[in-house]
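# Predicted coordinates and the sequence they were generated for:
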Amino acid sequence: MKLLLLSEITLNPRKSRVYFRVIVVVYLFTVALIACSSVFNAVKMVLIALVTVFTWPELINQNPCYFISEMAYRNKKWQLTCNNGTVQEWEQLTILFSNPVFQLIRMTINNQTKLITLFNDQITEDQLRQLHLLSA
């Protein structure tokens, strides 16, 4: 186990199996509801195609925050590094909702806020504990 300073943490959210399962269940439930509806078959096919088109990127990414390559806490500021290389700085991180499956995180600076969903299988247990300690 690698010891880190409490004042610094780096998180690299990886793919989430739990998120993938949730997306698959919601997709299948939606398709079943469309299939059981009383609209014309042509409309059903169009709706199922639209749901598939919008769900496909989520099935490929398997990550609710796929645009983030790294979250880091350095020098009393949170830094989000996006996949395109841009770095955003945030003053405060607050965990709004925490359960055994996922965390709902709010990051703020001045009047700007960003909500991030982080599933617990995307980071290690030690990183999750450290995230809770550093959150405001």
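All right, it came through fine. Since this is a predicted model, take the numbers as computed values, not measurements. Numbering: from 1, shown residues only.

# ok, now which ones touch the residue in the chain sticking out farthest from the centre?
Within the chain, the residue lying farthest from the chain centre (CA atoms, centre = their mean) is Phe40, at 36.0 Å. By CB atoms under 8 Å, 6 or more residues apart in numbering, no residues touch Phe40. For glycine as for every other residue, the C-beta is placed from the backbone atoms N, C-alpha and C.

# Just read off the phi/psi values of it.
Phi and psi for Phe40, reported as degrees, to the nearest 10, are phi -60, psi 150.

# Distance check, it against Thr81.
48 Å (CB to CB, to the nearest Å).

# Leu115 now?
Using CB to CB, Leu115 is found at 18 Å from Thr81.

# any idea whether the most centrally placed residue in the chain is helix, strand or coil?
Most central in the chain under CA atoms, centre = their mean is Pro64, positioned 3.1 Å from the mean C-alpha point. Counting by DSSP: H, G, I helix; E, B strand; the rest coil, the backbone at Pro64 sits in coil.

# you'd agree it is up against Val18?
No - contact criterion CB atoms under 8 Å: Pro64 and Val18 do not qualify, at 10.0 Å.

# Find residues that contact each of the two.
Common neighbours of Pro64 and Val18 (criterion: CB under 8 Å, 6+ apart): Phe119.

# Sort out which residues of stretch 48-65 are buried, please.
Neighbour-count burial for stretch 48-65 flags 51, 55, 58, 61-65 (criterion: 16 or more other CB atoms under 10 Å).
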